[in-house]
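Peer 1: Sequence and computational prediction follow.
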Amino acid sequence: MGEDQAIAHTVGVTGATGAVGGRVAARLARRGVRQRLIVRDINRAPELDSASAAMAAYEDPAAFGRAVRGTDTLLLVSATEAADRIDQHISAVDAAVAAGVSRIVYLSFLVAAPAATFTFARDHFYTEAHIRSTGVAHTFLRPSLYLDLLPDWADEYGVIRGPAGQGRVAWVSRDDVADAAVAVLLGQGEHDGRTYDLTGPEAVTLGETVERLSSLTGKVIRYVPETWDEALESRRPSGAPEWAVEGWASSYAAIATGEMDVVSPAVPDLTGHPAQTIEGYLRKHPSALGRINL
């Protein structure tokens, strides 16, 4: 009976080899939580106390169902952007519910809506809607744009280009998102049916963002506004498909429309500590802009 109870309280963690899922898995391991790590490559699964690993892709419902069987709560980290990402999510959700998962914590996005300016956010809206339709207990975590990825927005010359205008965004760190996810995963029923916007403590323009990056690092970081058409043309030489090019450009456009101008208390409310600032992040990661040689 004891063993059955332990299995019933196993937490399934997808994306455990990734930036957010890996952080969540490590935090749960430090708390002694029994986990099932669902990964696409079993050889990359982290070795953690009280954790077992299973290999499955979202688009393989048979394998995914086997991987999550015996878990009660599932952290579903959204798949990498793809033309069929909604289908991947629906496949994974249906397989999880059929396998007996009774609670899904889904890593969504701040402006999830059917007509969101950020085109990738639309995938999250339809995934959330499908999770609701299954009747399973659920919590949606909607992080803002990741502070950790901000250095990658600049090219090697220290220039950030995009159609963000004077809109604002409250950059959020992956550490804060992981801490919030752990709090929800361990909180059981108190978070059922809830949606949490996970943001940094302050919304800033890209102009203000680069000013802070420059003053903190001593490097000259600039923001150069683009029109929508300029943003598409500047990204097309990458050879990426048009849906991906539009997705990248629309992340800036969503800032311009004001959709990203959200500051939420959810991170401190859930974690008990303040959300990380740009200054705090760079203090912890002083080499974040190291590839910019200016």
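Peer 2: That came in fine, so what should we check first?
Peer 1: switch to C-alpha atoms for all contacts and neighbour counts from now on
Peer 2: Fine.
Peer 1: Could you tell me how far stretch 95-105 lies from the centre of the chain?
Peer 2: 20 Å (C-alpha atoms, centre = their mean, to the nearest Å).
Peer 1: Which residues does it contact?
Peer 2: 61-62, 64-66, 68-76, 131, 134, 136-141, 181, 184-185 (C-alpha atoms under 8 Å, 6 or more residues apart in numbering).
Peer 1: In strands, which of these fall?
Peer 2: Cross-referencing the contacts of stretch 95-105 against strands under DSSP state E gives 71-76, 137-141.
Peer 1: Nearest to Gly167, out of those: which one, please.
Peer 2: Proximity of those to Gly167 (C-alpha to C-alpha) peaks at Leu141, which lies at 22.7 Å.
Peer 1: Could you list the low-pLDDT ranges of the protein?
Peer 2: 1-8, 291, 293-294 (pLDDT under 70).
Peer 1: What ranges does it have for its strands?
Peer 2: With DSSP E as the criterion, the chain has strands at 10-14, 35-39, 51-55, 71-77, 103-107, 137-143, 159-162, 195-198, 222-225.
Peer 1: Just the residues contacting the fourth one, thanks.
Peer 2: To tie it back to what came earlier, the one meant is strand 71-77. Contacts with strand 71-77, where a contact means C-alpha under 8 Å, 6+ apart, come from 7-15, 20-21, 36, 68, 100-108, 185.
Peer 1: Give me the buried subset of these.
Peer 2: Buried members of the contacts of strand 71-77, scored by 16 or more other C-alpha atoms under 10 Å, are 7-8, 10-15, 20-21, 36, 68, 100-108, 185.
Peer 1: Quick check: the farthest pair among the ones in strands among the contacts of stretch 95-105?
Peer 2: Thr71 and Leu141 (19.8 Å).
Peer 1: For the stretch 101-250 of the chain, which segments are assigned as helices?
Peer 2: 119-134, 150-153, 174-186, 206-217, 228-235, 242-256 (DSSP state H, counting those that start in this stretch).
Peer 1: Distance from stretch 155-165 to the middle of the chain?
Peer 2: 22 Å.
Peer 1: and if you look at stretch 191-199?
Peer 2: Remark: stretch 191-199 is offset 13 Å from the chain centroid, using C-alpha atoms, centre = their mean.
Peer 1: And stretch 168-178, by the same measure?
Peer 2: Stretch 168-178 sits 9 Å away from the centroid of its parent chain (C-alpha atoms, centre = their mean).
Peer 1: Would you work out how far apart the start and end of that stretch are?
Peer 2: 23 Å (C-alpha to C-alpha, to the nearest Å).
Peer 1: Please apply the same query to stretch 66-74.
Peer 2: Termini of stretch 66-74 sit 13 Å apart (C-alpha to C-alpha).
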